[in-house]
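Q: here is the input, now give the coordinates:
(3 chains)
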Amino acid sequence: MPVLSPTWTNERIELLKQHFEAGLSCREIAADIGVSRNAVIGKLSRLNLTRGRSLDERRLQDRNQDRTGAPRAQRAVPRLQFEMLATIYGEADAPVATGSIDEANRCSLMELGENRCRWPISTPGAEDFCFCGNVAHDGQPYCAGHSRLAYKPNSRARVMRG
DNA sequence: CCCTGATTCGC
DNA sequence: GCGAATCAGG
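A: Residues are numbered from 1 along each chain as shown, chains lettered A, B, ... in the order given. The predicted model follows:
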């Protein structure tokens, strides 16, 4: 891809769907792909891939819990808020360790365990689509290194209009 | 206060 | 069709 700047190419959309189905938030998807969260959400809406459609429906759809123990994408969202707040407020309580990212531990979706980092390693083509597979703490979807990447404080860079 | 997602609207 | 701006809720 020489000079052209393709907005949403097939690969991009593929990643979008993958991450969306993986249970990742729009913010995480945006951070991974490299676009704004609005862009991701807008594309999803255009693709009719929204999770709950309207507000009312979404509101009612919530409140559903599964106790069968089926691995359903594992949403560890409440954890993120704590990390983000800690980063914003400057609290030194955040357990941010090192940022060592091992590529030798990457594995497929089936090899993913509860203590495995599920950072999506997707390449243009999605042939060897796999995950980081590094050691991740309980409740955390990613390892220390990828956690920082996913939650980089970039949302605060708002433009002043007026 | 912050975040999230979804729609609306201008380009 | 794209994304920012805006809306709506937690």
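Q: domain parsing for chain A?
A: Chain A breaks down by automatic domain parsing into domains covering A:10-51, A:77-162.
Q: rank the ones you listed by pLDDT, which is bottom?
A: Mean pLDDT is lowest for domain A:77-162 among those, at a mean of 55.
Q: from residue A:51, how far off is residue A:23?
A: To residue A:51, residue A:23 is 10 Å away according to Cβ to Cβ, to the nearest Å. Placement of C-beta: from N, CA and C, glycine included.
Q: what comes into contact with the strand or helix carrying residue A:43?
A: In this structure, residue A:43 sits in helix A:37-46 according to DSSP states H and E. The contact list for helix A:37-46 (Cβ atoms under 8 Å, 6 or more residues apart in numbering) reads A:8, A:13, A:16, A:20, A:26, A:27, A:29, A:30, A:33, A:50, A:155.
Q: so which of these sit within helices?
A: If you go by DSSP state H, those have A:13, A:16, A:20, A:26, A:27, A:29, A:30, A:33 in helices.
Q: can you count the residues close to the fifth one?
A: Residue A:27 sits with 18 neighbouring residues when counted by other Cβ atoms under 10 Å.
Q: then the last one?
A: Per other Cβ under 10 Å, the neighbour tally for residue A:33 reads 19.
Q: check contacts around it.
A: Contacts of residue A:33 were listed using Cβ under 8 Å, 6+ apart, and they are A:12, A:15, A:16, A:19, A:40.
Q: so the third one sits against residue A:28, correct?
A: It refers to residue A:16. No - checked against Cβ atoms under 8 Å, the pair residue A:16 and residue A:28 is beyond contact range at 11.6 Å.
Q: kindly calculate the angle that the helix holding residue A:43 makes with helix A:26-33.
A: 110 degrees (axes from the mean of the first three to the mean of the last three Cα atoms, to 10 degrees).
Q: name the residues of helix A:37-46 that are buried.
A: Residues of helix A:37-46 classed as buried: A:39, A:40, A:43, A:44 (neighbour count, 16 or more other Cβ atoms under 10 Å).
Q: if anything else comes up later, I'll come back, but that's it for now.
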